[in-house]
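Peer 1: Kindly generate the corresponding structure for this input.
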Amino acid sequence: MAGTPIKRKLIADIEKSGGFEYILSTIVDGGSIQDLASSFGVSRKFLSEFLNKDPEQKIALKQARKMKAETLADQALQLVDAVEENPNAISKAREQASIRKWLAGVHDPDTYGQKQANVTINVGDLHLDALRHAPAINQDAEDAEITQVK
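Peer 2: Numbering: from 1, shown residues only. Reported below is the predicted structural model:
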């Protein structure tokens, strides 16, 4: 680790702030890896790679994000409940709540994600069925008498 002063400083800063538990609680409370990276003076990518290197930490981070989804859902409800009756404020609160709802779905799709039904349509089969059930146009044309109109 002699050649990694940034990593050493990051480890020291994390320990000084309360360790990995501080990172987890920040995420659960609605913070992001970007916020944490900025506070530690490193890039988001660097911090994310550092935290996700350890498989146990990676699992703990995933659980923290699931709990963050609940925080985001609570924030969305608070925004909507507290909005003043002004068209601009309502629009802004709606958008803020919508973003939090979307983020909650991203972090915990089982609980907050939109359920979508899987529908498979085979256009070729539909076309063949339509042809099977259509009246025999060609057959009618062969049986028809030709008459001249004057």
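
Peer 1: distance of Ala64 from Asp129?
Peer 2: The spacing between Ala64 and Asp129, counted by Cβ to Cβ, to the nearest Å, is 51 Å. From N, CA and C alone the C-beta is placed, and that goes for glycine too.

Peer 1: err, Val80, not the other one
Peer 2: Taking Cβ to Cβ as the measure, Val80 falls 47 Å from Asp129.

Peer 1: which one of these two has more residues nearby?
Peer 2: Shown here are Val80 and Asp129; by other Cβ atoms under 10 Å, Val80 has more neighbours (14 against 11).

Peer 1: which strands and helices sit next to the helix or strand hosting that one?
Peer 2: Using DSSP states H and E, the element containing Val80 is helix 55-82. Packing partners of helix 55-82 (3 or more Cβ pairs under 8 Å, 6 or more residues apart in numbering; DSSP states H and E): helix 20-28, helix 44-52, helix 87-107, helix 109-112.

Peer 1: Next, the angle from it to helix 44-52.
Peer 2: Between the axes of helix 55-82 and helix 44-52, defined by axes from the mean of the first three to the mean of the last three Cα atoms, to 10 degrees, the angle is 120 degrees.

Peer 1: In contact with Tyr112, which residues?
Peer 2: Neighbouring residues of Tyr112 by Cβ atoms under 8 Å, 6 or more residues apart in numbering: Ala69, Ala73, Lys101, Ala104, Gly105.

Peer 1: now with 7 Å?
Peer 2: By Cβ atoms under 7 Å, 6 or more residues apart in numbering, the contact list for Tyr112 reads Ala69, Ala73, Ala104, Gly105.

Peer 1: returning to what we had before: most tightly surrounded among the helices and strands packed on helix 55-82?
Peer 2: helix 20-28 (a mean of 17; mean count of other Cβ atoms under 10 Å).

Peer 1: Name the next helix or strand downstream of it, please.
Peer 2: Going down the chain from helix 20-28, the next helix or strand is helix 33-40, by DSSP H and E.
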